[in-house]
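**Q** The sequence and its predicted three-dimensional model are supplied below.
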Amino acid sequence: MITKAKCPFTPNDVDYDESRLDELNAHFQRLMKKGWIQSANYTLSRNGKVFANTAIGKQSFEESDKRELKPDVIRGIASITKIFTATAMFKLFEDGYIRPNQPVCEIMPEFNKAPFNGITIAHLLTHTSGLYPDGGCFPYYYAEPWSFVDETKEGENWVENSLKSGMYNKPGKEWAYCSFGFVLLGEIISRVSTMRAESFIRKVILDPCGMSSSFFSYEFKSGLIPDDVMKNVVSRLYIQDEDDKKDVSRFSDCHFGKPVKEKKFNIWDSVPATGGGLMSCTEDLNRFGRMLINNGYTDDGKRVIGRKAIDRMTENYTTPDILDNCWGAGGVYRMYALGPDTRRTADSHFSKGSFFHEGAGACSLLMDPQEKMVASWFVPWADGGWHAEALYNASAVMWSGLK
């Protein structure tokens, strides 16, 4: 099943070989046949013009559900959220409130003690803070910062208690993927802007970009999401454990416009969801990407952030001595900007200077300023694995259509 939304432009309008879209669809269908992904949907644009918005497969993880997937489906975008968080940080930077090399302890007193007082905002943005990374990054057991937070205790200082985990390395010495660091960035946004981080991101990014199908979990719980948006929400499709079952159950009520009311206090209702808590659709993500490669201006000319802020945020920041040992990488140099991923390998068919971010589950947002090309796509795993073919191979097919 392939469903194509009507686009305002054709591939020919943007010098793109339309036959490559057929090859892209066939590529995703092969992965579906192998049982690696459950479905796929993507939005492609060039020179600010959307020329493809396609969905392949069925809507739900349930075997009995035969509904075809629609292009406007909304899913959790996981770590792609981090680019939004980074952009919000750079909005505060360009407005003069804070600066990248500023020590975190100057904003958050909980960090005003060794060894945490050596961590800067830039360290958090580049995953080089030395704080313990996400679980599973290293092939041995370690206590993540969240292990020391009591999620049921009202008045819990989650920042102070999370630091009981200590640090595994000195700041700036190693790249290690730390979603906790981006939650801390959300707390910085909250303390500096004096509003909830998610509300700040909506105010300065989501609303100006016209991202009407994007929202955070707290907005869902508060009943702030219109029914016509919630009806498009689809939970993650692969149910791996009890948490996944809760996630599916929680968002099933979305279709009826009924926000879930938590009866008991839970710390996660107040912790910023800036490490991976945004939900969106591929069209909205593409709007955001187009703004970034259009020097901070939306399709209709609204200024979101300055060109120089974007230049600094997306320029590779880490030096060759910053090595990556996560997920068996083996100590290779990890290219990374102040928020976005800037890796370039033999698998990278996009131009030098491109930047991107992946999201678990999986999804991807890739921006190529040189070609003025933005690609956003969802490829929910069907087997709980991770498959480069749905991400790296797919981007190669996408970029192969450029004339």
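**A** In hand now; what should we look at?
**Q** for the residue lying closest to L125 once chain neighbours are set aside, what are its contacts?
**A** Once flanking residues are discounted, L125 sits nearest to L338: 4.5 Å by Cβ to Cβ, 6 or more residues apart in numbering. In short, each C-beta sits where N, CA and C put it, glycine included. Contacts here follow Cβ atoms under 8 Å, 6 or more residues apart in numbering; on that basis L338 touches A86, F90, P100, A122, L125, T126, R312, M313, T314, E315, Y317.
**Q** Please give me every residue in contact with the second one.
**A** Spelled out, that is F90. I305, A309, I310, R312, M313, L338, G339.
**Q** check which helix or strand covers it.
**A** F90 is part of helix 81-94, with elements assigned from DSSP states H and E.
**Q** For burial, what's the neighbour tally of K66?
**A** 10 (other Cβ atoms under 10 Å).
**Q** and after the helix holding F90, which helix or strand comes next?
**A** Helix 81-94 is succeeded, C-terminally, by helix 121-125 (DSSP H and E).
**Q** Report the rounded mean pLDDT for that following helix.
**A** The average pLDDT within helix 121-125 is 98.
**Q** quick one: contacts for T128?
**A** Residues near T128 by Cβ under 8 Å, 6+ apart: P171, G172, K173, E174, W175, A176, T318, I322, Y336.
**Q** meant to ask about A375, not that
**A** Counted by Cβ under 8 Å, 6+ apart, A375 has contacts Y42, T43, L44, N286, G289, S364, L365, L366, S395, M398.
**Q** one step back: what about the contacts of F90, which are in helices?
**A** Here DSSP state H is the test, and these give A309, I310, R312, M313 as lying in helices.
**Q** out of the residues you listed, what pair is the most spread apart?
**A** Farthest pair in the ones in helices among the contacts of F90 (Cβ to Cβ) is I310 and R312. Separation: 7.4 Å.
**Q** which one of the two has more residues nearby?
**A** A count of neighbours by other Cβ under 10 Å puts I310 above the other of I310 and R312, at 23 against 16.
**Q** pLDDT score assigned to that one?
**A** At I310, pLDDT is 98.
**Q** Can you tell me the element N53 falls in?
**A** Counting by DSSP H and E, N53 is part of strand 49-57.
**Q** Can you list the helices and strands that the next helix or strand after that strand packs against?
**A** Toward the C-terminal end, the helix or strand that comes next after strand 49-57 (DSSP H and E) is strand 75-76. Secondary-structure packing of strand 75-76 (3 or more Cβ pairs under 8 Å, 6 or more residues apart in numbering; DSSP states H and E): strand 278-280.
**Q** same thing but 10 Å
**A** helix 242-252, strand 278-280 (3 or more Cβ pairs under 10 Å, 6 or more residues apart in numbering; DSSP states H and E).
**Q** tell me the SS of S376?
**A** Using DSSP: H, G, I helix; E, B strand; the rest coil, the structure places S376 in strand.
**Q** what number of residues lie near it?
**A** By other Cβ under 10 Å, 29 other residues sit near S376.
**Q** from memory it sits against L44, does it?
**A** Yes: with contact defined as Cβ atoms under 10 Å, S376 counts as touching L44 (8.1 Å).
**Q** joint contacts of those two?
**A** Residues touching both S376 and L44 (Cβ atoms under 10 Å, 6 or more residues apart in numbering): N53, T282, N286.
**Q** Neighbours of the last one, how many?
**A** Yep, that's N286 we're talking about. If you count neighbours by other Cβ under 10 Å, N286 ends up with 25.
**Q** give me the element it is part of.
**A** helix 282-293.
**Q** Now do that helix against strand 49-57, angle only.
**A** Calculated by axes from the mean of the first three to the mean of the last three Cα atoms, to 10 degrees, helix 282-293 forms an angle of 150 degrees with strand 49-57.
**Q** how much space between G330 and P139?
**A** From G330 across to P139, the span is 12 Å (Cβ to Cβ, to the nearest Å).
**Q** Quick check: PyMOL command selecting the buried ones in the contacts of T128.
**A** Only the buried entries of these go into this PyMOL selection, using 16 or more other Cβ atoms under 10 Å:
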select buried, resi 171+172+174+175+176+318+322+336
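**Q** could you dump stretch 37-57 to CSV, C-alpha only?
**A** Once non-C-alpha atoms are left out, stretch 37-57 reads as follows in CSV (Å, rounded to 0.1, in the frame of the first residue of the first chain):
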residue,chain,number,x,y,z
ILE,A,37,10.5,-2.3,9.3
GLN,A,38,6.7,-2.2,9.7
SER,A,39,6.1,0.7,7.4
ALA,A,40,7.7,3.9,6.1
ASN,A,41,6.7,7.4,5.4
TYR,A,42,8.8,10.4,4.2
THR,A,43,8.7,14.0,3.1
LEU,A,44,11.3,15.4,0.7
SER,A,45,11.9,19.1,-0.2
ARG,A,46,14.4,21.0,-2.2
ASN,A,47,14.8,24.8,-2.5
GLY,A,48,12.0,25.1,0.0
LYS,A,49,9.6,23.2,-2.2
VAL,A,50,8.0,19.9,-1.0
PHE,A,51,7.9,17.5,-3.9
ALA,A,52,7.2,14.1,-2.2
ASN,A,53,5.1,13.2,0.8
THR,A,54,4.5,9.4,0.8
ALA,A,55,3.4,6.7,3.2
ILE,A,56,4.0,2.9,2.6
GLY,A,57,2.3,0.1,4.6
